[in-house]
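Chemist: Sharing a sequence plus its predicted fold:
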Amino acid sequence: MISIQNEYKRLLSDILGEGLPKKDRTNTGTQAVFGRMLTHDMACGFPLLTGKKIYFNHAITELLWILQGRTDMHYLRDHGVSYWDDNYKKSGRTDNTLGPVYGKQLRNFNGIDQLKYILKQIKKEPSSRRIMASLWNPHELDDMALPPCHYGFQVYINNNKLSLSWSQRSVDVFLGLPYDLAMYGLLLLMLAKGSGYEPGQLVCFLGDCHLYSNHLKQSVKYLNRTDNKLPTVELKKGLYLTDKVIIPTHDDIILLNYNPGSAIKAPLAT
């Protein structure tokens, strides 16, 4: 079985060893590689990295925010998520939203509720190769505070197991990717729980994989740490469809046996 902890360290090592300098939008500077794939067998545990502390509640909040179709700053702030604040301020928006970002596209992509479509397909035609969503809407990109970094995902069901892959154009490997892994791992569990399938594989397809120039020392520190056993996540209920989409709450999600190393601080580039 393949564990994300080994996969993640392999990617860090790859960027540190083979990555080339590349300019970026924030003018921080990066070291980058292009085109990588990571795989995790959910039987190995929940993909919440243990080499440093990852604040799981942030991943929960962002996922629930997206699933509910929300784009507002209030929900994020009310649940302790502040890392979108700088993007909001720099966008010049004054409506306390990030524009038509992830949640808007998932629940109302030009009038289509993609989440409802996915749940219908899982129930009625689980062998379909069309159980997928796109969060990249060129028609509305200019109105977003930041275009989606993770821009689409696909559900695959076979042998009574539900697997999920997602695609990402831009990957802040040290700070952002650990939260993306947790968020999509949680989405996989929610879908499996709601439809009665066993969790299968989590797969990510990554484009521009970069370490910011002020994250290099922290990445080396992470690589020198020993990983602990991955935690588990229990769900009181999953994600499913009745006459409406039923979405779990924070209280339905229970993290067990998470024993990470201490946090490794690194500045957020915006």
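Modeler: Arrived safely. Every value quoted in this text rests on a predicted model; they were computed, and no experiment measured them.

Chemist: which stretches of the stretch 1-150 of the chain form helices?
Modeler: 4-18, 56-67, 73-78, 85-91, 102-107, 114-124 (DSSP state H, counting those that start in this stretch).

Chemist: if we look at the longest one, which residues are touching it?
Modeler: Meaning helix 4-18. For helix 4-18, contacts defined as Cβ atoms under 8 Å, 6 or more residues apart in numbering pick out 31-33, 36, 38-40, 44, 47, 49-51, 173-174, 177-178, 181, 202, 206, 209-211, 216, 219-220, 222-223, 227, 230. C-betas here are computed from N, CA, C, even on glycine.

Chemist: and it, average pLDDT?
Modeler: When pLDDT is averaged along helix 4-18, the result is 98.

Chemist: How about stretch 66-73?
Modeler: Rounded mean pLDDT across stretch 66-73 is 97.

Chemist: now swap in stretch 207-216 and tell me
Modeler: 96.

Chemist: Ends of it, what's the gap?
Modeler: 19 Å (Cα to Cα, to the nearest Å).

Chemist: Just checking the distance from that stretch to the centre of its chain.
Modeler: 17 Å (Cα atoms, centre = their mean, to the nearest Å).

Chemist: Would you mark the buried spots in it?
Modeler: Residues of stretch 207-216 classed as buried under the neighbour-count rule (16 or more other Cβ atoms under 10 Å) are 207-212, 215-216.

Chemist: and of the helices of the stretch 1-150 of the chain, who's closest to residue 266?
Modeler: Nearest to residue 266 among the helices of the stretch 1-150 of the chain is helix 4-18 (12.7 Å), distances taken as Cβ to Cβ.

Chemist: buried set for that closest one?
Modeler: 4-5, 7-9, 11-12, 15.

Chemist: With stretch 219-232 instead?
Modeler: Quick answer for stretch 219-232 (16+ other Cβ under 10 Å): 219, 222, 227, 230-231.

Chemist: Determine which two of those are furthest apart.
Modeler: Across the buried residues of stretch 219-232 (Cβ to Cβ), the longest gap, 22.4 Å, separates 219 and 231.

Chemist: residues contacting residue 208?
Modeler: Contacts of residue 208 by Cβ under 8 Å, 6+ apart are 22, 32, 34, 169-171.

Chemist: one more time with 7 Å, if that's ok
Modeler: 32, 34, 169-171 (Cβ atoms under 7 Å, 6 or more residues apart in numbering).

Chemist: Can you find the helix or strand of the protein with the lowest average pLDDT?
Modeler: Across the helices and strands of the chain, mean confidence by mean pLDDT, DSSP states H and E is lowest for helix 85-91: a mean of 89.

Chemist: Give me the residues contacting that helix.
Modeler: Helix 85-91 is contacted by residues 73, 98, 145-146, 270 when judged by Cβ under 7 Å, 6+ apart.
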